[in-house]
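Asker: Using only what follows, build the 3D model:
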Amino acid sequence: MKKKILGVVVCLGMALTMIGGSAAAVSADDAAADYKVGFITLHDENSTYDLNFLNAAQEACEKLGVEAVIKKNVPEGQECYDAACELVDAGCKAIFADSFGHEDYMIEAAKEFPEVQFCHSTGTKAHTEGLDNFHNAFASIYEGRYLAGVAAGMKLNEMIADGKISEDQAKIGYVGAYTYAEVVSGYTSFFLGARSECPSATMEVTFTGSWYDETAEKEGATKLIDDGCVLISQHADSMGAPTACEAAGVPDVSYNGSTISACPNTFIVSSRIDWAPYYEYAITTFMEGGNIEADWTGDLSTGSVVLTDINDQVAAEGTAERIEEVKAALEAGETHVFDASQFTVEGAALDSYMADVDTDPAYEGDTEVISDGYFHESEYRSAPYFDLQIDGITLLDTAF
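Answerer: Sure, this is the predicted structure:
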């Protein structure tokens, strides 16, 4: 089982530099002021996903007193390698990228510039590449999505109790980007959280084939609503789905940040990864000349998995209290998101599953991930590898 390290900032010591043959102390503040950190994002502030990274980068760099150099709207192609090279030329000693498709180009740059540290979020290859200067990071966001699902399940129960829907009408809609394990893990954990409160809940999922396509996401949410889905969530990065929900008066659980300002009548809660603890941990360690894990997983205890404030005007009564109860159970190990007793696949319970943890071109399973009664997500690799299609969830399309 992979060890999880707290994203805690270690106080910087004093650096020594030789001046005129004598050792002169350079304060930590001075050392930090000369340190540049590069960030590569797939989109800009208009994407809730990228905005979440940009906010964390600003927070961490301001806290540590280092300079941030940011490249936005960098596609998942050779442009990422070019951006990384430009950041190296600009003097950056550590470079972070935020999107899955950036990984191969970050690895290419890491091999070319061994003196620079390269960190990639959501990737899968650092633990097998074996490069001293290339690292992956993710967080157990499936726990945050499960908690958001609890809020959704309570809302469904309220709608049933109020006579707005019947138990068999408790159908959730979900707008996903791709059929990647990251998305599958996300919508499944959300569904399991909802069904833990509302056992009659079912889910339909539609995919857009893009991380950020406001039109497609809005159309996807509208399609789900027209098909009888009474609550919507998403793993896509625009305001398309939330605004469709606001227009239709359908409750919504968003992702990567609150949408309450634009959707005050439908927004319930949102889960997100807070990347600031990882950035602070990695940058501080690099400045001190230390090494970080090749593959790091943040969680609830590190402050890496968080929920926004709950919109009490829309959420069911008692939602905040119930979420705190479930959160405590998750942190104590009393509840597991992917408890194998809580789902079936094609009608059968699972006591074994070989997941594709060490990514290869054939995507073959290589690691047993079910033990002690649950699927051990993000414990053998930081990026999600839960790719099971469990009963109760219907995929409307799988082209992506």
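
Asker: Every contact and neighbour count from this point should use C-alpha atoms.
Answerer: OK.

Asker: dump the residue contacts of residue 147.
Answerer: By C-alpha atoms under 8 Å, 6 or more residues apart in numbering, residue 147 lies in contact with 190, 193, 323, 326-327.

Asker: Buried residues, the host helix or strand of it. List them.
Answerer: Assigned by DSSP states H and E, residue 147 belongs to helix 141-161. For helix 141-161, a neighbour-count test (16 or more other C-alpha atoms under 10 Å) marks 141-160 as buried.

Asker: Please identify the buried residues of stretch 207-214?
Answerer: 207-209, 211-214.

Asker: Going by distance to residue 383, which of those residues wins?
Answerer: residue 211 (16.7 Å; C-alpha to C-alpha).

Asker: and that closest one, how far is that from residue 187?
Answerer: For residue 211, the distance to residue 187 equals 15 Å [C-alpha to C-alpha, to the nearest Å].

Asker: And residue 397, by the same measure?
Answerer: Taking C-alpha to C-alpha as the measure, residue 397 and residue 187 are separated by 14 Å.

Asker: of those two, who's got more company?
Answerer: Neighbour count, other C-alpha atoms under 10 Å: between residue 397 and residue 187, residue 187 has more, with 27 against 12.

Asker: what does stretch 190-201 contact?
Answerer: Outside stretch 190-201, the residues that touch it by C-alpha under 8 Å, 6+ apart are 142, 145-154, 156-157, 167-172, 202-203, 337-338, 342, 392.

Asker: what sits against residue 94?
Answerer: Residue 94 neighbours (C-alpha under 8 Å, 6+ apart): 36-38, 116-119, 283, 286.

Asker: what helix or strand does residue 88 sit in?
Answerer: Residue 88 is part of helix 78-89 when elements are defined by DSSP H and E.

Asker: Alpha carbons of the very next helix or strand once past that helix, in CSV - could you do that?
Answerer: Sequence order places strand 92-97 as the next helix or strand after helix 78-89, per DSSP H and E. Taking C-alpha atoms only, strand 92-97 is exported to CSV below (Å, rounded to 0.1, in the frame of the first residue of the first chain):
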residue,chain,number,x,y,z
CYS,A,92,12.2,27.9,-13.3
LYS,A,93,13.6,25.2,-11.0
ALA,A,94,10.3,23.3,-10.6
ILE,A,95,7.5,23.0,-13.2
PHE,A,96,4.0,21.7,-12.6
ALA,A,97,1.4,20.7,-15.3
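
Asker: quick one: the very next helix or strand once past strand 92-97 to strand 92-97, angle?
Answerer: Sequence-wise, the next helix or strand downstream of strand 92-97 (DSSP H and E) is helix 103-112. Interaxial angle of helix 103-112 relative to strand 92-97 (axes from the mean of the first three to the mean of the last three C-alpha atoms, to 10 degrees): 160 degrees.

Asker: what's in contact with the helix or strand hosting residue 136?
Answerer: Element membership for residue 136 (DSSP H and E) is strand 134-139. By C-alpha under 8 Å, 6+ apart, the surrounding residues in contact with strand 134-139 are 106-107, 110, 117-127, 273, 278, 292-299, 304-305, 378, 382-383.

Asker: residue ranges of the strands in the stretch 151-300 of the chain, please?
Answerer: Taking DSSP state E, counting those that start in this stretch as the criterion, the stretch 151-300 of the chain carries its strands at 171-176, 202-207, 231-235, 252-255, 267-273, 295-298.

Asker: With distance to residue 352 and mean pLDDT added, can I get those in a markdown table?
Answerer: Below are those laid out as a markdown table (distance: least, C-alpha to C-alpha, whole Å; pLDDT from 0 to 100):
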| stretch | distance to residue 352 | mean pLDDT |
| --- | --- | --- |
| strand 171-176 | 27 | 98 |
| strand 202-207 | 25 | 98 |
| strand 231-235 | 27 | 98 |
| strand 252-255 | 31 | 97 |
| strand 267-273 | 29 | 97 |
| strand 295-298 | 23 | 98 |
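
Asker: any idea which of the ones you listed is most buried?
Answerer: Of all those, strand 252-255 has the most neighbours on average by mean count of other C-alpha atoms under 10 Å, namely a mean of 29.

Asker: which helices and strands does that one pack with?
Answerer: Packing contacts for strand 252-255, counted by 3 or more C-alpha pairs under 8 Å, 6 or more residues apart in numbering; DSSP states H and E, involve strand 231-235, helix 240-248, strand 267-273.

Asker: Endpoint to endpoint, stretch 338-353 covers what distance?
Answerer: End-to-end distance of stretch 338-353 (C-alpha to C-alpha): 12 Å.

Asker: who touches the nearest residue to residue 143 once chain neighbours are set aside in this structure?
Answerer: In space, and not counting its chain neighbours, residue 143 is closest to residue 337: 6.5 Å by C-alpha to C-alpha, 6 or more residues apart in numbering. Counting by C-alpha under 8 Å, 6+ apart, residue 337 touches 142-143, 146, 189, 192-193, 330.
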